[in-house]
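Colleague: turn this into a model:
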Amino acid sequence: MVKKQENYLEYIPAISEKNSWDRDENGKVTIHMVHRGFYAWIAQRFFHRPRVSHIDLDAMGSFIFPLIDGQRTVGDIAELVKAEFGKDAEPLYERLVKYMQILRNNGFIYYAGKDRAPK
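Modeller: Prediction:
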């Protein structure tokens, strides 16, 4: 039996509610990542690590992150990025897919209908 190959551009990313984020007056997005769990507690208690890390996104990341709404597909977002950044976004699909993978691997996003929403 041949398995149908999935099209990454059809995935629908949604922002995880595990972390908060905000945007400053210049449009720059900062994600506030709370460190949870036993090992994080040890690092905070004994090595004075912060409970929350603040991750500042670059211009393209700050444009993309608010577009992740649980409704748009990765392909929809790619078209908006192309319209905003033009040739500066190239290679568009490779960069966008890698960026989405990084966001997902860090628990900032999940794929609606594919992943379970992180808590």
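
Colleague: quick one, strands of the chain?
Modeller: Secondary structure of the chain (DSSP state E): strands at 13-15, 20-23, 29-34, 52-56, 109-111.

Colleague: which residues touch the longest one?
Modeller: Yep, that's strand 29-34 we're talking about. Residues from elsewhere that reach strand 29-34 (Cβ atoms under 8 Å, 6 or more residues apart in numbering): 18-24, 51-57, 61-62, 65-66, 106, 108. C-beta here means a position set from N, CA and C on the backbone, and glycine is covered the same way.

Colleague: among the strands of the chain, which comes closest to residue 80?
Modeller: Nearest to residue 80, of all the strands of the chain, is strand 13-15, at 13.0 Å by Cβ to Cβ.

Colleague: pairing partners for that closest one, with directions?
Modeller: Strand 13-15 has the following strand partners under DSSP bridges: strand 109-111 (antiparallel).

Colleague: low-confidence ranges in the protein?
Modeller: Where the chain drops to pLDDT under 70, the residues are 1-4, 116-119.

Colleague: okay, which residue is most central for it?
Modeller: The centre of the chain sits closest to residue 103, judged by Cα atoms, centre = their mean, with a distance of 3.4 Å.

Colleague: that one and residue 110 touch, don't they?
Modeller: No - at 9.3 Å, residue 103 and residue 110 do not qualify as touching, with contact defined as Cβ atoms under 8 Å.

Colleague: find residues that contact each of these two.
Modeller: Both residue 103 and residue 110 are in contact with residue 13, where contact means Cβ under 8 Å, 6+ apart.

Colleague: so what's the spatially closest residue to the residue nearest to the centre of the chain that is not a sequence neighbour up against?
Modeller: Distance criterion Cβ to Cβ, 6 or more residues apart in numbering; nearest residue to residue 103, sequence neighbours excluded, is residue 109 at 4.5 Å. Counting by Cβ under 8 Å, 6+ apart, residue 109 touches 13-16, 68, 100, 103.
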